[in-house]
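Chemist: okay, sequence plus prediction incoming.
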Amino acid sequence: MEQDDLSEAMTFGVEPYLSADYAKAEGQHVWSKVWQHACRLEEIPYIGDYVTYDILDDSVLIVRTGNDEFKAYHNVCMHRGRRLADERCGHAAQFRCKFHGWRWNLEGENVHVVERPDWEGVLKPERIRLGEVRCDTWGGWIWINLDPDCGPLLDYLEPAAQMLDPFQFENMRYRWRQWCYFDCNWKVAIEAFIETYHVEGTHPQLLRYADFYTWSKPAGLHSVHGFAERKHDPDIAANNTLIRAGKGDDPRITTAEMQREILETVNASTTQTLVDAAERLVDELPEGTPAGEVMAHFIESAKRDDAARGVIWPDIDPEHYGATGIDWHVFPNMSLQHGYSFLLCYRARPAGYDPEKCIFETAVLELFPEGEEPKTEWVYAEPTAENWRSVLAQDFDNMKAVQRGMKSRGFPGTLPNPKQERPVVNFHRNLAAMVGGDTPRPLE
């Protein structure tokens, strides 16, 4: 089998999901080495704005500096080790330790030590300046890496970056964002969103609108999947993105029904503009219009409507769009489900070293007319259908049940679909290479 093939059926065990030792090894070999998106640039628009990003024992302070740039520091006082910033976000002219009152400017330089003469000149500036953390930007996010010797961010992100750059995520802004603590391993959580093979079993209500059969492939550290052509569905070749024509005898009607369903039950992966354009299809096109023509009219109509209100879609070659699929898993813990004017982003990370606890986050981004971007904050929301809508609640049910089921003496290991779930296998192949655990092996 070729290194990047993964077309062979594979299996691997449950240690990555249940072992406390594995969780500790991830802290040492994964989270201390990988690039992680910490926040969006628009979250720190003004000099002195900051956010904190926590991963296991580490906390990182990302701040807009006096040069109207940004820097990242270890969020710790260099005197006695107290965290400098306790809040998830805020604004400061200086960072002041609440223990003994030492202070640092936005450039990380210490500017005040209480009773400094007591040290009799041995406190050197380089010893007490804040420790810098590597940081860079892509897609509108600020990314951090705890490894001072790490390679460049763009090298790490390829080929995902070059494939997704045309969507101009940097121009999108939050529509809503929520997070919660969840009782499952962080990998169980993110794996629920890096394949679409689960739709028939988990979201059967969606099958009335479209086929959800997918292709998938690894892409180095990362992976991608998208809708695949079936012999019984000749229109899928022109219908392979998240913005799709509905199936059935009258795609004008099913397209509108699908768009309404997605908006009402996911509140993501579409926009109000797309829903409105879909609901006009039955009035603008004659009965019997082929699905491909319905799709083309639907897209052009929504694009025109958005342009009229000041939202300009990126110009993306259709062939390139098709090659980007519907979802990218950016290693280790990010899922990006993209469209012309929207982005659904999932992130999962460990909540301490308990392998059965994680932090799960969802952010929906969208293109807005300049000056009309909504004001949003991270909202903690218990994982219920009332807080997260019905489709995500169905996924949450799986996450809890998978974590419990992994402990069964009768479960010998996973059996990912060799065509549709290659992202899961690639994920564990890369984890095993870093952590030193058992790598996925061919199924015998």
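Modeler: Perfect, thanks for sending it. Residues are numbered from 1 along each chain as shown.

Chemist: so what secondary structure elements neighbour the least confident helix or strand in the chain by mean pLDDT?
Modeler: One helix or strand of the chain scores below all others by mean pLDDT, DSSP states H and E: helix 318-323, with a mean of 91. Using 3 or more C-beta pairs under 8 Å, 6 or more residues apart in numbering; DSSP states H and E, no helix or strand is in contact with helix 318-323. Every C-beta, even on glycine, is put in place using the N, C-alpha and C of the backbone.

Chemist: ok, and what's touching the longest helix anywhere in the chain?
Modeler: Ranked by residue count and defined by DSSP state H, the top helix of the chain is helix 291-308. Helix 291-308 is contacted from outside by 235, 238-239, 243-247, 251-252, 255, 271, 273-274, 276-278, 280-281, 284-285, 289, 312-313, 340-341, 367, using C-beta atoms under 8 Å, 6 or more residues apart in numbering.

Chemist: okay, now the unreliable bits of this structure?
Modeler: Per-residue confidence for the chain (pLDDT under 70) gives these ranges: 1-4, 230-240.

Chemist: hmm, try it at 90
Modeler: Low-confidence segments of the chain (pLDDT under 90): 1-7, 66-68, 211, 228-247, 292, 318-319, 437-438, 444.

Chemist: among the contacts of helix 291-308, which ones are in helices?
Modeler: Secondary structure of those is defined by DSSP H; positions in helices are 251, 252, 255, 273, 274, 276, 277, 278, 281, 284.

Chemist: the fourth one reaches residue 339, doesn't it?
Modeler: Looking back up the chat, that one is residue 273. No. Counting by C-beta atoms under 8 Å, residue 273 does not reach residue 339; the two are 11.2 Å apart.

Chemist: returning to that earlier point: buried ones in the longest helix of the chain, by neighbour count?
Modeler: For helix 291-308, a neighbour-count test (16 or more other C-beta atoms under 10 Å) marks 291-295, 297-299, 301-303, 305-306 as buried.

Chemist: just to revisit the earlier point, buried ones only from the contacts of helix 291-308, please, as a PyMOL command.
Modeler: To isolate the buried subset of these in PyMOL, counting by 16+ other C-beta under 10 Å, use the following:
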select buried, resi 235+238+239+243+244+245+246+247+251+252+255+271+273+274+277+278+280+281+285+289+313+340+341+367
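
Chemist: so residue 190 is in which element?
Modeler: helix 186-191 (DSSP states H and E).

Chemist: quick check: residue 273 vs residue 369, distance?
Modeler: According to C-beta to C-beta, to the nearest Å, residue 273 and residue 369 sit 11 Å apart.

Chemist: got it, and residue 346?
Modeler: From residue 346 over to residue 369 (counting by C-beta to C-beta), the distance is 27 Å.

Chemist: more neighbours: which of those two?
Modeler: Neighbour count, other C-beta atoms under 10 Å: between residue 346 and residue 369, residue 346 has more, with 23 against 11.

Chemist: and the helices in the stretch 51-200 of the chain?
Modeler: For the stretch 51-200 of the chain, the helices defined by DSSP state H, counting those that start in this stretch occupy 125-128, 153-157, 160-164, 186-191, 199-202.

Chemist: of those, flag the one that's most buried.
Modeler: Mean neighbours per residue, mean count of other C-beta atoms under 10 Å, is largest over the helices of the stretch 51-200 of the chain for helix 186-191, with a mean of 24.

Chemist: tell me how far it lies from the chain's centre.
Modeler: In terms of C-alpha atoms, centre = their mean, to the nearest Å, the centre of helix 186-191 is set 12 Å apart from its chain centre.

Chemist: and stretch 107-119, by the same measure?
Modeler: With C-alpha atoms, centre = their mean, you get 40 Å for stretch 107-119.

Chemist: next one: stretch 204-214
Modeler: 23 Å.

Chemist: try stretch 66-74
Modeler: 24 Å.

Chemist: end to end on that stretch, go ahead and measure it.
Modeler: Stretch 66-74 has an end-to-end distance of 18 Å (criterion: C-alpha to C-alpha, to the nearest Å).

Chemist: show me the contacts for residue 369.
Modeler: Residue 369 makes contact with 309, 310, 311 under the criterion C-beta under 8 Å, 6+ apart.

Chemist: next one: the second one from residue 370, what distance?
Modeler: For residue 310, the distance to residue 370 (C-beta to C-beta) stands at 6 Å.

Chemist: who's more crowded, these two?
Modeler: Taking neighbours as other C-beta under 10 Å, residue 310 and residue 370 compare with residue 310 leading, 12 against 8.

Chemist: surely that one meets residue 367?
Modeler: No. The pair residue 310 / residue 367 is not scored as a contact, 9.4 Å apart, by C-beta under 8 Å.
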